[in-house]
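A.B. asks: Dropping a prediction and its sequence here:
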Amino acid sequence: MTKTALITGITGQDGSYLAELLLHKEYLVHGMLRRSSTFSTSRIDHLYRDRHEESRLRLHYGDLTDGQALTNLVLAVQPDEIYNLGAQSHVRVSYDQPVYTLQTIGVGTLNVLEAARQLMRSKPVRVYQASSSEMFGKVLETPQTERTPFNPQSPYACAKAYGHFQTVNYRRGYDLFASNGILFNHESERRGETFVTRKITRAAGRIKVGLQKKLFLGNLDAKRDWGYAREYVEGMWRMLQHHEPDDFVMATGRTASVRDFCRLVFEQLDLDYEEFIEIDPNYFRPAEVDVLLGDATKAKEVLGWEATTTLEELARIMTAHDYDLALREAHAKRFDAD
Ligand code: NAP
Ligand code: F7E
């Protein structure tokens with residue numbers, strides 16, 4: 001029987017890969033998107049070009065902060081699975097917009113859980129909550145597992161911790177099938193351009209073709225456990241196919257610094273990163289998460305999921321994509337000038 005999924009945050013990096021995966025698995029996919037004055041669907045537009053898939057992808061306007069509309073949507077769509085990926089997901093921005101961040105992530109998650117609780121009265125539903133390694137913050141042990149206590153230190157991380165605990169609470173209190181994926185950083189050629197990996201690959205490509213001279217960054221010593229987003233959405237899906245709801249860390253088990261990632265990317269283009277990078281204190285955060293390193297043993301043993309793309313491969317994929325993009329940008333510029 002065809003399964004129906006509802007994805008919040010379908011226009012984001014993970015939402016687009018997850019939509020692709022679920023369409024491939026023959027799901028009927030509903031996505032909730034925010035109304036904006038310009039199109040925000042560039043990551044999922046290609047899914048419309050395939051006529052067969054077009055009929056199984058439906059988009060609806062909505063916002064996580066509008067609980068009534070969200071419940072109406074859930075009751076209308078009657079999903080078997082809800083993936084709550086929508087969020088103000090930028091840690092640095094969460095310091096500028098702490099209340100809005102809490103509204104989208106904290107209240108937004110609660111709105112999703114309440115909507116699912118209403119649907120549960122008439123049919124079973126499973127919920128995936130996008131929790132985050134940021135919740136470990138100033139880490140209390142290394143590597144971090146599902147048992148590591150949270151010690152959040154950004155408005156984003158505090159909001160995610162609230163969403164995480166409410167998800168556990170609805171699971172225990174109402175017997176809702178709700179699982180938290182505690183995902184460590186995962187990147188791709190679809191990553192937003194203000195996250196550090198994509199900022200680096202975009203800049204390196206543009207520097208190589210002469211469109212940009214410098215790259216301004218903040219803390220080069222921060223270390224992250226970076227995986228490939230395309231693989232991580234498979235783990236989200238597996239969590240909801242498991243026979244019981246639970247919490248799972250998803251990570252590569254390897255950590256590297258921002259500086260390491262710069263070196264890998266610039267090397268791909270035969271450039272020395274040290275010649276092009278300048279430090280801009282504006283990109284420092286009021287409190288930094290120095291090092292994250294995840295242990296995804298439970299996901300491997302219980303779900304059969306593990307990250308396989310190495311950091312070197314990830315850097316290669318993203319750099320090749322963004323070098324090509326820069327070449328096209330340069331070509332379009334020359335064409336305009338002619
Ligand atoms: P992303 O690219 O920033 O996408 C976020 C999505 O949320 C976008 O579709 C955005 O819509 C939507 N959104 C923002 N505010 C909303 C609101 N008020 N109502 C409804 N939708 C809203 O993030 P991502 O990297 O795909 O991450 C997906 C989820 O995983 C997020 O919850 C993030 O916090 C979490 N997470 C990410 C990582 C990671 O490394 N990528 C790691 C752990 C957890 P617009 O397109 O209109 O902006
Ligand atoms: O920063 C440092 C910065 O913004 C990574 C989100 O998906 O992953 C992401 O959060 C590191 C930090 O990601 C710049 O200080 C240096 O230490 O790429 P990021 P993040 O903060 O780790 C978690 C798991 C999530 O859940 C979030 O949604 O890089 N850094 N210079 C910089 N970061 C940025 N953005 N820009 C710089 O210029």
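C.D. replies: Looks like it came in fine. Ligands and ions are numbered 1, 2, ... in the order given.

A.B. asks: Domain map for the protein?
C.D. replies: The chain breaks down by automatic domain parsing into domains covering 4-188+226-250, 196-223+255-292+310-337.

A.B. asks: Any idea how far apart the tips of the shortest one sit?
C.D. replies: With C-alpha to C-alpha, to the nearest Å as the measure, domain 196-223+255-292+310-337 spans 31 Å from end to end.

A.B. asks: near ligand 1, anything from it?
C.D. replies: No. Domain 196-223+255-292+310-337 lies out of reach of ligand 1 by C-beta under 6 Å from any ligand atom, never closer than 9.3 Å. The C-beta positions use only the backbone N, C-alpha and C, and glycine is treated the same way.

A.B. asks: so where's the chain uncertain?
C.D. replies: Along the chain, the parts satisfying pLDDT under 70 run over 49-54.

A.B. asks: ok, and the closest non-adjacent residue to the residue nearest the centre of it?
C.D. replies: Nearest to the mean C-alpha position of the chain, counting by C-alpha atoms, centre = their mean, stands residue 14 at 4.8 Å. Counting by C-beta to C-beta, 6 or more residues apart in numbering, residue 14 lies nearest to residue 85, which is 5.2 Å off, once chain neighbours are set aside.

A.B. asks: mind checking how far residue 48 is from residue 58?
C.D. replies: Going from residue 48 to residue 58 by C-beta to C-beta, to the nearest Å gives 11 Å.

A.B. asks: for this structure, what spans make up the strands?
C.D. replies: Applying DSSP state E to the chain gives strands spanning 4-8, 28-33, 57-61, 81-84, 126-132, 177-183, 186-187, 215-217, 223-224, 227-228, 247-250, 256-257, 277-279.

A.B. asks: partners of the first one, with directions?
C.D. replies: In the sheet containing strand 4-8, its partner strands are strand 28-33 (parallel), strand 81-84 (parallel), by DSSP bridges.

A.B. asks: so how many other residues sit close to residue 48?
C.D. replies: The local packing of residue 48 (other C-beta atoms under 10 Å) involves 12 other residues.

A.B. asks: Isn't it up against residue 57?
C.D. replies: Yes. Under the criterion of C-beta atoms under 8 Å, residue 48 makes contact with residue 57 at 7.1 Å.

A.B. asks: For residue 32, list the residues it contacts.
C.D. replies: When contacts are counted by C-beta atoms under 8 Å, 6 or more residues apart in numbering, residue 32 touches 6, 7, 8, 9, 10, 59, 60, 61, 62, 70, 73, 86.

A.B. asks: Is the second one in contact with residue 33, as I believe?
C.D. replies: Okay, so that is residue 7. No. Using C-beta under 8 Å, residue 7 is not in contact with residue 33; the gap is 9.5 Å.

A.B. asks: of those two, who's got more company?
C.D. replies: Neighbour count, other C-beta under 10 Å: between residue 7 and residue 33, residue 7 has more, with 31 against 21.

A.B. asks: quick one on the thing from earlier: how much space is there between the residue nearest to the centre of the chain and residue 150?
C.D. replies: 21 Å.

A.B. asks: The residue in the stretch 201-338 of the chain positioned nearest to ligand 1: what's it in contact with?
C.D. replies: Ligand 1 sits closest to residue 229 of the stretch 201-338 of the chain, with a gap of 6.3 Å, by C-beta to the nearest ligand atom. The neighbours of residue 229, taking C-beta under 8 Å, 6+ apart as the test, are 13, 14, 17, 186, 187, 188, 190, 191.

A.B. asks: Same check on residue 309?
C.D. replies: 227, 228, 230, 231, 317.

A.B. asks: and stretch 269-288, does that touch ligand 2?
C.D. replies: Yes. Stretch 269-288 comes into contact with ligand 2 (C-beta under 6 Å from any ligand atom), by way of 283, 285, 288.

A.B. asks: Sorry, slip of the keys, the one I care about is stretch 209-225.
C.D. replies: Yes. Using C-beta under 6 Å from any ligand atom, stretch 209-225 reaches ligand 2 at 217, 218, 219, 222, 224.
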